[in-house]
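**Student:** Fold the stuff below for me.
(chains A and B)
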Amino acid sequence: MILKAKVYNNVFAFKNLKEVLAKANEEKSGDVLVGIAAKSASERVAAKLVLSNLTLEDIYNNPVIPYEEDEVTRVIYDDLNLRIFQEIKGWTVGALREYILGHKATGGDLHHLSRGLTSEMIAAVAKLMSSMDLVYAAKKMRYQAHCNTTIGVPGTLAFRNQPNHPTDSIEGMISSLKEGLSYGSGDAVIGINPVEDNVDTVSRLLETTKNFMVKWDIPTQNCVLAHVTTQMKALEKGAPVDLVFQSIAGTQKANEAFGISADLIKEAFELVQKKGTATGPNLMYFETGQGSEVSLDAHYGVDMMTLESRTYGFGRRYYPFMINNVSGFIGPETIYSGQEVIRADLEDLFMGKLHGLPMGIAPCYTNHMKADQNEQELSTLLCAMAGSNYFMGVAGGDDVMLSYQDTSFHDDASTREILGLRPLPEFEKWLEKMGIMEDGHLSERAGDPSIFDK
Amino acid sequence: MTAEGNGQLETLIIQSVLEELSKNGLFDSKNKQQVVNSAVQVINSAASVPITPLIPEDEETVTLPTDEIMVDNPFNLEAIRAMKKTTPARIGIGRAGARQKTVSWLRFLADHAVAKDAVFVDVSEDFLKRMNLVAVTSAAQDKEQFLTNPELGRRLSEEGVRIIKEKCSKNPQVQICVVDGLSSSAIEANIPDLLPALIQGLNSIGLKIGTPVFIKHGRVWVQDQVAKLVDAEVVISLIGERPGLGTAESLSAYMIYRPNENTVEADRTVISNIHKGGIPPAEAGAHLVDVLEQILKVKVSGVKLNQK
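**Tutor:** You can find the predicted model right below:
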């Protein structure tokens, strides 16, 4: 492995692959905090230059966290298709970038290729890409998954209706749910973050959403985003669960801090297959975000972007229906500015797709970051152009329970109109039946939550 | 113009007032000079603080309309009215095409602006003087460092350590820290009512209170260092919470009994959501006195306190 590069008059040397991967990143506050970011613009380019010249076999031989020490590494290596890897192991990362971008490589080719790529290889190639490279490449890849309905259908853009309430009020939650449905939001899932993580609250929210879906004949799926163990208890007690949710991360140590392991996720997946209400086969919903390992002090000196890619390597084992990235939610110590959020969103969408995952994004921000609504909307449009399967849907963009800003019901409808995208087919038929949508745009009566109050 | 240039004028005014009072038997003229001196001093220090002029609101002022229902021709207006009562979420706000109406969009911008200002603008010097707080800073030199490197906000600057050693009384039963945290607005909105209520309450039950300090760019953990420096039995931090769009003025109180190297988060007792729409600050002050009394009585805080 050559770990030295010259950028005009300056020669830069790196100790190992881990350092090269970290320093090849665009600047983010979390990498700076950990002390692994490039010290200068020239050093950053030198790291990219070194990386472009490394082979996929070099990366395979140097896992950023050893196989013996870390379960996430084991999941990634154990699930790799070695035959495909053998065919491409001599490629440099630079050549991989050109193959992905090349006109010859179709979405199907990239899906096949992805089975032979480790998460570190996927992170590596993304580090050589500009924003438009990422959009261009991500756009080629589109993965469908089926729970009660099919997500990821070409030409569609779906939304999670996220009717959170600061005290888990059922009436309050229903009010926001109606508002969102009246804008055409909710085809990905009706998904609620509960305040109280207990079986009673979770079961009550699951039953209420399920009853609403049945009463109004809404073709979608429900989910309450409590800890996986709470949802499992609710399932055991007979609560109607379509999708099981869990936050996941890119190291075993971070997953332990989340209170999960590969065995636990497997157990949850098997349980929802047996006792859940949905058709499947895709029954899991994962949430991820660059920086969670830094916040949990479980990063092993590995950069946030590489760890995020490893998170997808862990998640893909369980064939999720949705995998959703919330990099803008973690905090300013990991991602500080609007520019950093936009970059992270595009990287994550591309990396997730190159893992073969049905990716969605939550382009979002908190009030203690240097980011604003304009940047959030830019990220939304770019991710939509890059073929995100879905976004969130929050009343007025303001989540009154989690205190952050995400895509609004208005943004959902607008993005579809701007890019000529449609709701998921069954859901669009339902919207037409309800008189909310006609010919792919909102009808006169859309945006009125009281259409559910006859 | 400052009062310092007119010290003689103030002296004359105060002297004549005091003469009137002593004629009527309301003032003992023995201490006259001392009283005059300290009164002039008070006037001078108060007048040397620049006060930001407030622009008065009048009928020429544009204001955001109250949060009204903005759905055009609603199917069931009463139902939307009822829905809005069930949640603080931004519902029933109508649309322009698929975009937000002007008023709801501007209200969103206003709420975000207030939240951002709460995080990024400092607590004013004027405020700290009025509250009579000993002001120090954490190891974070500016807001960006504070936000991007949490470790720096968890310890004091070297100068901060020196000031606390020099100006704060030792061995208090209760040490009060006011900490900006993620909302300066929460400090300015709540402390004027909360701090006096807390101090009076603690005094009334005969507790020995340390010298209250203000810590700029501080996080919760900085209270451990302050407690050790002054050898406090219990330390309480009144700290600004991360603002949401709903309110930027929410404050939390973190209390811990004799923090040490083995302290964990679960050792802290927390009362959050202190603001005029949550637990009102004066009421919170009285409640905190009870909690502090309890902590001192059983000599533990946090989860262990709840188990007592």
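
**Student:** all contacts plus neighbour counts: C-alpha atoms, from now on.
**Tutor:** Will do.

**Student:** list the contacts for A:Met359?
**Tutor:** Going by C-alpha atoms under 8 Å, 6 or more residues apart in numbering or on different chains, A:Met359 touches A:Tyr143, A:Met322, A:Ile323, A:Asn324, A:Leu349, A:Gly352, A:Lys353, A:Ser388, A:Asn389, A:Tyr390.

**Student:** For the residue nearest to the third one when sequence neighbours are not counted, give me phi and psi.
**Tutor:** It refers to A:Ile323. Excluding its sequence neighbours, the residue lying closest to A:Ile323 (C-alpha to C-alpha, 6 or more residues apart in numbering or on different chains) is A:Phe286, at 4.7 Å. Reported as degrees, to the nearest 10, the phi and psi values for A:Phe286 are phi -110, psi 150.

**Student:** since we're on whichever residue of chain A sits closest to chain B, how many residues are nearby?
**Tutor:** For chain A, the residue closest to chain B is A:Glu333, as judged by C-alpha to the nearest C-alpha, at 3.9 Å. Residue neighbour count, defined by other C-alpha atoms under 10 Å in any protein chain shown, stands at 25 for A:Glu333.

**Student:** Doesn't B:Pro88 belong to a strand?
**Tutor:** No - applying DSSP: H, G, I helix; E, B strand; the rest coil, one finds B:Pro88 to be coil, outside a strand.

**Student:** My understanding was that it contacts A:Val400; is that so?
**Tutor:** Yes - look at B:Pro88 against A:Val400 with C-alpha atoms under 8 Å: they come within range, at 6.8 Å.

**Student:** Chain A against chain B: which residues are in contact?
**Tutor:** For chain A, the contact set with chain B under C-alpha under 8 Å from any C-alpha of the partner chain comprises A:29-30, A:33, A:165, A:169, A:171-173, A:175-176, A:179, A:332-334, A:336, A:367-368, A:395-396, A:398-400, A:403-404, A:410-411, A:413-414, A:442, A:447-451, A:453-454.

**Student:** follow-up on the earlier one: neighbour count: B:Pro88 and A:Val400, which is higher?
**Tutor:** Remark: of B:Pro88 and A:Val400, A:Val400 carries more neighbours, 22 against 18, as counted by other C-alpha under 10 Å.

**Student:** and the more buried one, what pLDDT?
**Tutor:** Looking at A:Val400, its pLDDT stands at 93.

**Student:** Show the contacting residues for it.
**Tutor:** A:Asn164, A:His165, A:Pro166, B:Pro88, B:Ala89, B:Gly244, B:Leu245, B:Gly246.

**Student:** how about the fifth one, what does it touch?
**Tutor:** Listed by C-alpha under 8 Å, 6+ apart, the contact partners of B:Ala89 are A:His165, A:Ser176, A:Ala395, A:Gly396, A:Asp398, A:Asp399, A:Val400.

**Student:** Next step: the contacts of A:Val400 restricted to strands.
**Tutor:** If you go by DSSP state E, the contacts of A:Val400 have nothing in strands.

**Student:** Return every residue with contacts to both of B:Pro88 and A:Val400.
**Tutor:** With C-alpha under 8 Å, 6+ apart, B:Pro88 and A:Val400 have common neighbours B:Gly246.

**Student:** Show me which residues of the stretch 1-150 of chain B are close to chain A?
**Tutor:** B:71, B:74-77, B:79-80, B:83-84, B:86-95, B:98-100, B:108, B:112, B:115-116, B:119-120, B:147-150.

**Student:** secondary structure element for A:Arg160?
**Tutor:** For A:Arg160, the element it lies in under DSSP states H and E is strand A:158-161.

**Student:** ok, that strand: who's next to it in the sheet?
**Tutor:** In the sheet, strand A:158-161 lines up against strand A:189-192 (parallel), strand A:390-393 (parallel) (DSSP bridges).

**Student:** on that earlier part again, for PyMOL, write a command that selects the buried ones of the contacts of B:Ala89.
**Tutor:** Command for PyMOL that selects the buried part of those, burial taken from 16 or more other C-alpha atoms under 10 Å in any protein chain shown:
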select buried, chain A and resi 165+176+395+396+398+399+400
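
**Student:** Quick check: pLDDT value at the closest residue to A:Phe321 other than its chain neighbours.
**Tutor:** Leaving aside its chain neighbours, A:Phe321 sits nearest to A:Asn282 (4.7 Å; criterion: C-alpha to C-alpha, 6+ apart). Note on A:Asn282: pLDDT of 98.

**Student:** Look at A:Asn282 and give its secondary structure.
**Tutor:** Once three-state DSSP is applied, A:Asn282 turns out coil.

**Student:** list the contacts for it?
**Tutor:** By C-alpha under 8 Å, 6+ apart, A:Asn282 lies in contact with A:Ala145, A:His146, A:Cys147, A:Tyr319, A:Pro320, A:Phe321.

**Student:** Contact partners for the last one?
**Tutor:** By C-alpha under 8 Å, 6+ apart, the contact set of A:Phe321 is A:Ala145, A:His146, A:Cys147, A:Ile151, A:Asn282, A:Leu283, A:Met284, A:Tyr285, A:Pro358.

**Student:** Could you rerun that using 10 Å?
**Tutor:** A:143-147, A:149-152, A:188-189, A:243-244, A:280-286, A:357-359 (C-alpha atoms under 10 Å, 6 or more residues apart in numbering or on different chains).

**Student:** And the contacts of stretch B:57-76?
**Tutor:** With C-alpha under 10 Å, 6+ apart, stretch B:57-76 has contacts from A:444-454, B:77, B:80-81, B:84, B:90-96, B:101, B:103-104, B:106-107, B:110.

**Student:** what distance separates the start and the end of it?
**Tutor:** Across stretch B:57-76, the terminal residues are separated by 36 Å (C-alpha to C-alpha, to the nearest Å).

**Student:** What residues sit buried inside that stretch?
**Tutor:** B:Met70, B:Val71, B:Asp72, B:Pro74, B:Phe75.

**Student:** Likewise for stretch A:44-59?
**Tutor:** A:44-59.

**Student:** One more: stretch A:280-300?
**Tutor:** For stretch A:280-300, a neighbour-count test (16+ other C-alpha under 10 Å) marks A:280, A:282-295, A:298-299 as buried.

**Student:** No further queries at this time; thank you.
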